[in-house]
Structure formats: structure tokens, C-alpha cells
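>>> Starting from these lines, generate the structure:
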Amino acid sequence: MHKIEKLLQDRILFLDGAMGTMIQKHKLTEEQYRGSRFSDYIHPLKGNNDLLSITQPEIITQIHNDFLEAGADIIETNTFNTTTVSMADYYMEDLVDELNIVSAQLARSAADAYTAKNPDKPRFVAGSLGPTNKTTSLSPDVNNPGYRAIDFDELVVAYKQQADALAQGGVDIFLIETVFDTLNCKAAIFAILELKDEQNLDIPIMISGTITDASGRTLSGQTVEAFWYSVSHANPLSIGLNCALGADQMRPFIKELSDKAWCRISAHPNAGLPNEFGEYDETPESMSAVVGEFASSGFLNIVGGCCGTTPEHLKAIIDRVESEKPRVVPAVISK
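Prediction:
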């Protein structure tokens, strides 16, 4: 049994909050994104948050430390877009291995430092694998519905490269998150399982989907229940939801997953819904009250936050939830 599984038997574990939100607070310039290494790069780099692991590592480390100080058990690597597919937007595909390794090492170092301070509260690193900016199930061209910007095999190659580099950097978990297209997720699962088999890796998989609106479906059209059955073959450490919705809106779908899934449940909702300026207004007190009800209802094993969630939000969630008992994982539920 993996060490994190033992902890999950005893208590709810806490995932960190929004890396992107915390980066935005620094209001970095184009020059700061570039750093000295990429000062003469011919393409714009502002907005390439994953690059900051190389050009501004002290900022990324401080964000990790802030969430660890708030009480996070699991911190995510700054690698949400670090595949060749997504990095192609910046013409930086050749940096993917380095970025994943360095990002994992930054998180590993921060987590290990906090574990050393308090060995009774070990900290873990989740390697973040985002959905990429392309979909295998839908056409980006409404006039050509049969067109695909990428295929399954290409995604497998990209995800396997990312997972391999994250493993080299020392992650404890692979987190396939913000899944809007189940076929993309299946490519990530296929890549990771193949890598684990080839290298005999003991690194569990967390999977977290995203419900795009009140219809309760992913962008590729699946209900929460259908999504779970589509990925359950991965035997994940947890299945959950993140992004798109605030905690209030996410509740019925977390409940449905809790009712259906025979693995652990995770949730990291946004801090409410975005306002007209694209910002998140939900206070730590309000968010923690809603998420706390998830826990007291017996839905949760892992909880954190997505867009708009700061260390203050996470601290409030921990204060509310840490005394709650974790959801009891059922035996395989009849379909």
C-alpha cells in the first residue's frame, strides 16, 4: 500500500489552491517572464506560467511554501500546460523535459522541507497533467465536424513524455486534472500506465474532471457517472471534480460521484463563479462553509481549491474540515 493511501484511511487530506491566481497577484511583466535566459526570445512569453519554474523559481517556491504553511498535505507542480502540445503555443516544445523536471524538483524540495519540520505531517507532490489546449473528441471547426486538431496516439506520446519527466523530478502522485474530454484523459491514463509498467513505478493516479455548466456534463458530453465508468479501469487513487464551478454548484455532482465511485473522492472547486472582470469573489469563510458541508455529509477524501483559491481560502477550509471523518470507500458498486 502506498504511504498516501494509509493516511487517507485515517483522515481527509488537503490539496493546495490556485497556482495561476497566486502568479497573477505578482503582475509580472514580459521581461519578468523571460528572465535573463530568454531575454532575446523572438516570441512573446507573457502568460506562460509554467516557464516561471525556470525564470522565476523563487516565486513558484514561495507559492508552494504559502500553501504548505496554510496546511496543504499535497502540493501540485507548476506543470498544468507543460506538454509539447500546449507549449507549442510558445514554440517551446524542446523545454518540456526540463520544465517538468525542474517544476517537480521545486515542489519536492518545498514539500520535503515541511515534512522535515513536522515528520508527523508528511507532505506530498502531485504532478499536474492538464487537459492540453486540444481535444480528441471535438472539432475546433464548426464547419468541419470530422476534423480533429490532434489524435489519441499523439496525445499519448505527449503525456508519456510529461509523466516520465515528472517522475524523474520526484512526484508522489500523477494528477490528471480539469478533464473536459474523456478521450484526452484516456490518453493520459494509457501513457501513465504504460510508463509505470515499463519503469516499475509506484506512483498512484488521481483523476479530476470538470463539469462545464449546470447541465452536469463534461465538454465532450458525459455525465459524471459516465465519466467515472469511462476511467475507472485506471484504478485511480481518487476521482473528483475541479474548476468551472464554485463549491455550491459542484455539490450535486460530487455527491453523485460519491454515490457511484468505488475509489476515493476529491474536490477542488473554484472560489465561486467569476465576476464580470473574470475575478473570484467568494470569501474564505463562505467557501469553507460549503466545502465543510461536503465533508460532514461524508463525500470527501481529498479537498482543495482551484481558480481564485488562495492560502487564506485553504486555511479556512482546513480549519472547518480537519475534524471531519473521511468518506468510507465502498466495495465495487453494482453498475
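>>> ok, residue 159 to residue 16 distance?
Counting by Cβ to Cβ, to the nearest Å, the separation of residue 159 from residue 16 is 22 Å. From N, CA and C alone the C-beta is placed, and that goes for glycine too.
>>> Show me where the stretch 51-200 of the chain has its helices.
Assigned helices in the stretch 51-200 of the chain, in chain order: 52-55, 57-70, 84-87, 96-117, 152-169, 182-199 (criterion: DSSP state H, counting those that start in this stretch).
>>> Mind listing residues that contact the last one?
Looking back up the chat, that one is helix 182-199. When contacts are taken as Cβ atoms under 8 Å, 6 or more residues apart in numbering, the neighbours of helix 182-199 outside the stretch itself are 129, 131-132, 134-137, 152, 155-160, 163-164, 167, 174, 176, 179, 201, 203, 205, 207, 209, 218, 220, 222, 227, 230-231, 233-234.
>>> Buried ones among those?
Neighbour counting with 16 or more other Cβ atoms under 10 Å marks 129, 131-132, 134-137, 155-156, 158-160, 163-164, 167, 174, 176, 179, 201, 203, 205, 207, 209, 218, 220, 222, 227, 230-231, 234 as buried within those.
>>> in this protein, which segments are predicted with low confidence?
Low-confidence segments of the chain, defined by pLDDT under 70, span residues 1, 332-335.
>>> longest strand anywhere in it?
strand 238-246 (DSSP state E).
>>> Which strand or helix spans residue 32?
When secondary structure is defined using DSSP states H and E, the element that contains residue 32 is helix 30-34.
>>> which residue lies farthest from the center of this structure?
Largest separation from the mean C-alpha position in the chain: residue 143, at 32.8 Å (Cα atoms, centre = their mean).
>>> Quick check: that one vs residue 230, distance?
If you go by Cβ to Cβ, the gap between residue 143 and residue 230 works out to 29 Å.
>>> give me every residue that touches the closest residue to residue 244 other than its chain neighbours.
Counting by Cβ to Cβ, 6 or more residues apart in numbering, the nearest residue to residue 244 once its immediate chain neighbours are dropped is residue 210, at 4.7 Å. Listed by Cβ under 8 Å, 6+ apart, the contact set of residue 210 reads 178, 179, 180, 218, 219, 241, 242, 243, 244.
>>> try 6 Å
Residue 210 is in contact with 178, 180, 243, 244, counting by Cβ atoms under 6 Å, 6 or more residues apart in numbering.
>>> Next, give phi and psi for it.
Geometry field for residue 210 lists phi and psi as phi -130, psi 130, criterion degrees, to the nearest 10.
>>> How about the one 5 residues further on?
Backbone dihedrals for residue 215, given as degrees, to the nearest 10, come out at phi -70, psi -20.
>>> Can you get me a residue count around it?
9 (other Cβ atoms under 10 Å).
>>> Tell me how far it lies from residue 270.
When Cβ to Cβ is the yardstick, residue 215 and residue 270 sit 17 Å from each other.
>>> and what of residue 49?
In terms of Cβ to Cβ, residue 49 sits 17 Å off from residue 270.
>>> and if you look at residue 52?
In terms of Cβ to Cβ, residue 52 sits 22 Å off from residue 270.
>>> what's the answer for residue 263, then?
23 Å.
>>> now residue 303
13 Å.
>>> And residue 169, by the same measure?
Taken as Cβ to Cβ, the span from residue 169 to residue 270 is 27 Å.
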